[in-house]
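Participant: Quick one: sequence and predicted model below, then my questions.
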Amino acid sequence: MSMPRVCIIDYGMGNLGSVQAALRFLGNEAIISSLPDDVRSADAVVLPGVGAFAEAMENLRRLELDKVLGEEVMEKGKPFLGICLGMQLIGCGSEELGLTKGLQWISADVIPLVNVGVGRVPHVGWGETVHAKGEALFNNIQDGTCFYYDHSFAMLSADVDAVATCDYGTRFVAALRHRNILATQFHPEKSQRAGLKLLRNFLDLAAGHPAGPADGVDKGGPCRRND
């Protein structure tokens, strides 16, 4: 199975270099780019992210990456991996610094952890992550493995196709999968051996490309907020 061509989206938010370094360690010469043509020519797309939701969405729209990502991922079914803020951006919207509309690929809101009575916020450090049995994204990864988290917001909606959860005073979505769309709240690129295994699994899924178009939002129906 040949390596997929991976484009890491550069929209001015996040630890792009560490994601690229992790993929290159696995033998994949991923590129970092904000050019729509690079997104179109890639076999798979990774959207990392660290920072404020509103600024991230503004940058994606200014660069017209929201449109090209919608075309390539939602319409054409290109394999996609969102990481941390990159996972949150595919939801309906976030309450961070005021209500901001997201990409709206799945019907889940991103809410502040402080609103649900968790421990110290932000949630920084290793968290035990429980994943669904048989989920390909977690192949060869033991259930309950710890991954590295750094976030103040999360998806809690039961509408999301969660394939993994983490408990931090409340149980939140640690990873989701909807056909060709995969995403993690944790940082696989910072999660040592387990994170590398997960990235390898994503590359394998992208190379096989078994999914097909996501054809709309997740199982909860269209976003009910921020229309």
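Facilitator: Alright, I've got the coordinates.
Participant: Tell me which residue lies nearest the centroid of the chain.
Facilitator: By Cα atoms, centre = their mean, the chain has its centre lying nearest to Gly82, at 2.0 Å.
Participant: Which secondary structure element is home to that one?
Facilitator: Taking DSSP states H and E as the criterion, Gly82 maps to strand 80-83.
Participant: measure the residue nearest to the centre of the chain to Trp105 for me?
Facilitator: Applying Cβ to Cβ, to the nearest Å, the value for Gly82 to Trp105 is 9 Å. (Glycine included, C-beta is placed from N, CA and C.)
Participant: Overlap in contacts, these two.
Facilitator: Contact criterion Cβ atoms under 8 Å, 6 or more residues apart in numbering; residues shared by Gly82 and Trp105: Ile90, Ile181.
Participant: any weak-confidence spans in the chain?
Facilitator: 1, 97, 116-118, 157-160, 209-227 (pLDDT under 70).
Participant: Kindly recompute the last result at 80.
Facilitator: The model of the chain has pLDDT under 80 over residues 1, 95-98, 114-119, 157-161, 209-227.
Participant: In space, what's closest to Gly144 - neighbours in sequence excluded?
Facilitator: Nearest residue to Gly144, sequence neighbours excluded (Cβ to Cβ, 6 or more residues apart in numbering): Glu128, at 5.3 Å.
Participant: what about the one you found, which helix or strand?
Facilitator: strand 123-131.
Participant: And for the longest helix anywhere in the chain, what's in contact with it?
Facilitator: Of all the segments of type helix in the chain, defined by DSSP state H, the longest one is helix 192-208. The contact list for helix 192-208 (Cβ under 8 Å, 6+ apart) reads 1-4, 6, 22-23, 25-26, 28, 43-44, 79, 81, 136-141, 145-148, 182, 184, 186-189, 191, 211.
Participant: for that helix, the distance to its chain's centre please.
Facilitator: 13 Å (Cα atoms, centre = their mean, to the nearest Å).
Participant: This structure: helices as residue ranges?
Facilitator: Per DSSP H, the chain carries helices over the ranges 16-25, 36-41, 53-62, 65-69, 85-88, 192-208.
Participant: so Ala154 touches Ile111, yeah?
Facilitator: Yes - with contact defined as Cβ atoms under 8 Å, Ala154 counts as touching Ile111 (7.0 Å).
Participant: Between the two, tell me which one has more neighbours.
Facilitator: Neighbour count, other Cβ atoms under 10 Å: between Ala154 and Ile111, Ala154 has more, with 25 against 18.
Participant: So what pairs up with the nearest residue to that one once chain neighbours are set aside in the strands?
Facilitator: Nearest residue to Ala154 in three dimensions, chain neighbours excluded: Phe172, at 3.9 Å (Cβ to Cβ, 6+ apart). Judged by DSSP bridges, the bridge partners of Phe172 are Cys166.
Participant: From Asp10, how far off is Phe172?
Facilitator: 27 Å.
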